[in-house]
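> Output the structure for:
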Amino acid sequence: MLPNRWFAGISIGSRAFSVVELLVIVVMIGVIAGLILPSLAKARQKVEAQESLEYGRSIGAAFQRYTKDNDGRLVPVRQKEVGWAELLVADTQKHGAIKDGIGYNKYLSDVKQIDSIQNPSMTVAFGDTGVVQNPTEKNPNLWREILPQRRSRSLVFDTPLDKEWNEGKRRMINRHRGRATAIFADGAAVLVPVRYVGFEYESGDSRSLWDNK
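Below you'll find the model as predicted:
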């Protein structure tokens, strides 16, 4: 029989990790994860924002096509039970369907004609839209979205000219790290804070990018 000290030597030479060493490894993994995960989340948010911007440009292009194909008429909010999203992109296989969460400027849709918009490059026609918890908040950047299980299509967002503006909850919102996708009547799209659109100003003010003036 081999002496016990031989087994002791084998045990010492091939011992498993101790509890302390395992704890150190777990802590190190936690620290590394804590450093990496926020960076990954930030990178993902940047990608989502860029995808939203590119998508916004496709909506702007579809909007331009619609006005050209319909003698300068703007797409209506609804026509014979069909929402603006379906009207704007009739050929979904060719141009792609309108995604959820994009809203149409309710006031602008009543203008009817593209020629009635004095400065299309400074007039927001579409943007990230949601139902907000705090419509009485004066600072648009502080509007907080009530997150539904599924955002709907053919949304519209309210403007200060709506009779129930103070109680209305359909607003443009910052969905991408403090910015919203804003799509202009000339087809351009940018990522800007909602306050840039000027909802706190009256119609006709040069800072009111939600009206047609």
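> So what sits opposite the closest residue in space to Val190 that isn't next to it in sequence in the bridge?
Computed as Cβ to Cβ, 6 or more residues apart in numbering, the closest residue to Val190 that is not its neighbour in sequence is Ala182, at 5.6 Å. Any C-beta I mention is one placed from the backbone N, CA and C, and that applies to glycine too. Beta-bridge pairing of Ala182 under DSSP bridges involves Gly127, Val190.
> any weak-confidence spans in the protein?
Regions of the chain meeting the criterion pLDDT under 70 cover residues 1-17, 37-43, 45, 90-99, 148-153.
> I'd assumed Gly127 was in contact with Gly103.
Yes: counting by Cβ atoms under 8 Å, Gly103 does reach Gly127; the two are 6.2 Å apart.
> Looking at the two, which one has more neighbours?
Counted by other Cβ atoms under 10 Å, Gly103 and Gly127 do not tie: Gly127 has more neighbours, with 28 against 25.
> How about the contacts made by the more buried one?
By Cβ atoms under 8 Å, 6 or more residues apart in numbering, Gly127 lies in contact with Ile102, Gly103, Asn105, Phe157, Met172, Ala180, Thr181, Ala182, Ile183, Val194, Val197.
> how close does it get to Ala189?
Applying Cβ to Cβ, to the nearest Å, the value for Gly127 to Ala189 is 9 Å.
> list the residues that contact both of these two?
With Cβ under 8 Å, 6+ apart, Gly127 and Ala189 have common neighbours Thr181, Ala182, Ile183.
> Once you drop chain neighbours, what's closest to the residue sitting nearest the centre point of the chain?
The residue lying closest to the centre of the chain (Cα atoms, centre = their mean) is Arg175, at 4.0 Å. Of all residues not flanking Arg175 in the chain, Asp128 sits nearest, at 4.3 Å (Cβ to Cβ, 6+ apart).
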